[in-house]
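sequence and predicted structure below; questions after.
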Amino acid sequence: METIKLDQIEKIYGRGASETKALSGINFTADAGELVSITGPSGSGKSTFLKLIGGILSPTSGELTINGQNYNQMTRAHQSQFRLDQLGFILQSYNLVPYLTVREQFELVGRVKPKHNLAPAEFKELCSALAIGDLMNDYPDQLSGGQQQRVAIARAMYPNPSIILADEPTAALDGKRAVQIMEIFQKIAHHQNKTVLLITHDSRLIKYVDRNYQIVDGHGQFVSKNDQSLV
Ligand SMILES: Nc1ncnc2c1ncn2[C@@H]1O[C@H](COP(=O)(O)OP(=O)(O)O)[C@@H](O)[C@H]1O
Ligand SMILES: [Mg+2]
């Protein structure tokens, strides 16, 4: 089942002299059960691409359909509810709330979205897979970069979204941890039938994905994972 479809998407930042065309002619689809990597040089439009899919930005033109629904046709309120129910976003900066403990980060999610989150046993399993079970009483500034990143990943997964969007989620992690995160993403995609999109610069991780989409200078195409020049 197709969960994400972009048809001739264009994104221009700014106006007039300060105009930047970040993306043009983007056609992309992903299915439930797929783990897809997004690669390309710095400044090529990868984060813009993910933010459009996440509804954080609006396209300048083109059609964007997520789980059969067109963002442009939704009200603002519907868009927010839709994002909350369907999308898990893992950003480049970890976005943890500095004055809340790890446990409270999850409780906050539970207050904003009280229903259909992971069951306690599933949550416990996720925390142990990410090795954050012992960090529940710590504040973000007591954690290493890698620990913060793992908490941010768990927090994005806790609401049980159908689509997970991750912007370089393994950047702060050592090689062994990065592989563990890729295995978790694989499991989520393949066993739970979710769509996972992941921006990465790490060519060693490409072997874990099902397909790779490369963005260069605002233009995108699917490229074989075996193409060594893709990251
Ligand atoms: N908020 C913004 N305002 C203006 N230009 C931006 C903004 N965000 C990104 N850009 C520009 O859009 C292009 C693509 O950026 P980005 O999507 O962040 O690329 P990547 O994630 O591949 O590094 C770059 O030229 C960047 O400078
Ligand atoms: Mg980026």
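That came through fine. Since the structure is predicted, the reported quantities are computational estimates derived from the model, not experimental observations. Ligands and ions are numbered 1, 2, ... in the order given.

give me the most central residue, the protein.
Leu165 (1.4 Å; C-alpha atoms, centre = their mean).

pretty sure it is in a strand, no?
Yes: judged by DSSP: H, G, I helix; E, B strand; the rest coil, Leu165 forms part of a strand.

that one reaches Leu87, doesn't it?
Yes: in this structure, Leu165 is within contact of Leu87 by C-beta atoms under 8 Å, at 6.5 Å. Quick note: C-beta positions are derived from backbone N, CA and C, even for glycine.

common neighbours of these two, please.
Contact criterion C-beta atoms under 8 Å, 6 or more residues apart in numbering; residues shared by Leu165 and Leu87: Gly54.

just give the closest residue to Gln221, not the sequence neighbours.
Gln214 (6.1 Å; C-beta to C-beta, 6 or more residues apart in numbering).

gap between the residue nearest to the centre of the chain and Ala30?
Distance, Leu165 to Ala30, using C-beta to C-beta, to the nearest Å: 11 Å.

overlap in contacts of those two?
In terms of C-beta under 8 Å, 6+ apart, Leu165 and Ala30 are both contacted by the residues Leu197.

against which helices or strands is the top helix by length along the chain packed?
Scanning the chain for the helix with the most residues, using DSSP state H, yields helix 175-192. Helices and strands touching helix 175-192, by 3 or more C-beta pairs under 8 Å, 6 or more residues apart in numbering; DSSP states H and E, are strand 35-39, helix 120-129, helix 145-157, strand 163-167, strand 195-199.

so what's Asn72 up against?
Taking C-beta under 8 Å, 6+ apart, one finds Ser58, Glu63, Leu64 in contact with Asn72.

check the secondary structure at the closest residue to the second one other than its chain neighbours for me.
Pointing back at Glu63 there. Once flanking residues are discounted, Glu63 sits nearest to Asp7: 4.2 Å by C-beta to C-beta, 6+ apart. Judged by three-state DSSP, the three-state class of Asp7 is strand.

what about Asp7, neighbour count?
14 (other C-beta atoms under 10 Å).

what parts of this structure come near ligand 1?
Neighbours of ligand 1 within the chain, by C-beta under 6 Å from any ligand atom: Tyr13, Gly14, Thr20, Ala22, Gly40, Ser42, Gly43, Ser44, Gly45, Lys46, Ser47, Thr48.

in helices, which of the residues you listed fall?
Lys46, Ser47, Thr48.

just to check, the second one is in contact with Ala166?
Going back to what we said before, that points to Ser47. No: Ser47 is beyond contact range of Ala166, at 11.2 Å (criterion: C-beta under 8 Å).

of those two, who's got more company?
Ala166 (24 against 20).

burial count for the closest residue to that one other than its chain neighbours?
Sequence neighbours aside, Ile90 is the residue nearest to Ala166 in space, at 4.0 Å (criterion: C-beta to C-beta, 6+ apart). Ile90 has 24 neighbours, counted by other C-beta under 10 Å.

what pLDDT does the residue lying closest to Leu96 once chain neighbours are set aside get?
Nearest residue to Leu96 in three dimensions, chain neighbours excluded: Pro140, at 4.2 Å (C-beta to C-beta, 6+ apart). If you check Pro140, the pLDDT there is 95.
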